[in-house]
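Chemist: What would the 3D arrangement of this be:
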Amino acid sequence: MKHLTKAAILAAMKSDLATEDFDVPAFGGAVRIRELSGRDRDRLDAIRLHEAAKAKGDRETAASDTIGESYLYVLSVGLLDPVTSQPMFTRDELRAAYAANATVLRTIADRITTLGAVAAKDIADLGNASAGAPSAASGSN
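Modeler: Numbering: from 1, shown residues only. Modelled structure (predicted):
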């Protein structure tokens, strides 16, 4: 088995985020999306936790507000301009469109959150690959 050096690991972590052209028939074409970075995913988790805590007393509002803000965040970082490859919209711009196009925008946001995600099978494969390797705790003195 090949062991990775610190330099190799850092180089692998700097790789570009996956992008995809995602067909949106309701809009009459495709949009360019990118996977969320680790920082984006952390921010998304924080938004979801904050919104849930903020609306804890009003469960009806909590569900719609939490979903809306988290979807708006995902779209604001993951929906790219096809020419510049930079985020296309701000959350405020998306908020206005969200009221009329929530279903379509949620579909795009859902695809963004799954793009580049580690599948359960991949996690199991990682566990199986390391199962045969001795751990540091199992060494003899």
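Chemist: can you pull the buried residues of the helix or strand hosting R95?
Modeler: For R95, the host element (DSSP states H and E) is helix 91-114. In terms of neighbour count (16 or more other C-beta atoms under 10 Å), helix 91-114 has its buried residues at 94, 98, 101, 104-106, 108-109, 111-113. Just so you know, the C-beta spots here come from the backbone N, C-alpha and C atoms, and that holds for glycine as well.
Chemist: Tell me the gap between the helix or strand harbouring A7 and the middle of its chain.
Modeler: Here A7 sits within helix 6-13, counting by DSSP H and E. Relative to the centre of its chain, helix 6-13 is centred 22 Å away, using C-alpha atoms, centre = their mean, to the nearest Å.
Chemist: can I get the CA coordinates of it in CSV?
Modeler: Output of helix 6-13 as CSV, limited to C-alpha atoms (Å, rounded to 0.1, in the frame of the first residue of the first chain):
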residue,chain,number,x,y,z
LYS,A,6,1.9,15.6,3.8
ALA,A,7,2.7,17.3,0.4
ALA,A,8,0.6,14.7,-1.5
ILE,A,9,-2.4,15.1,0.8
LEU,A,10,-2.3,18.9,0.6
ALA,A,11,-2.0,18.8,-3.2
ALA,A,12,-5.0,16.5,-3.4
MET,A,13,-7.1,18.8,-1.1
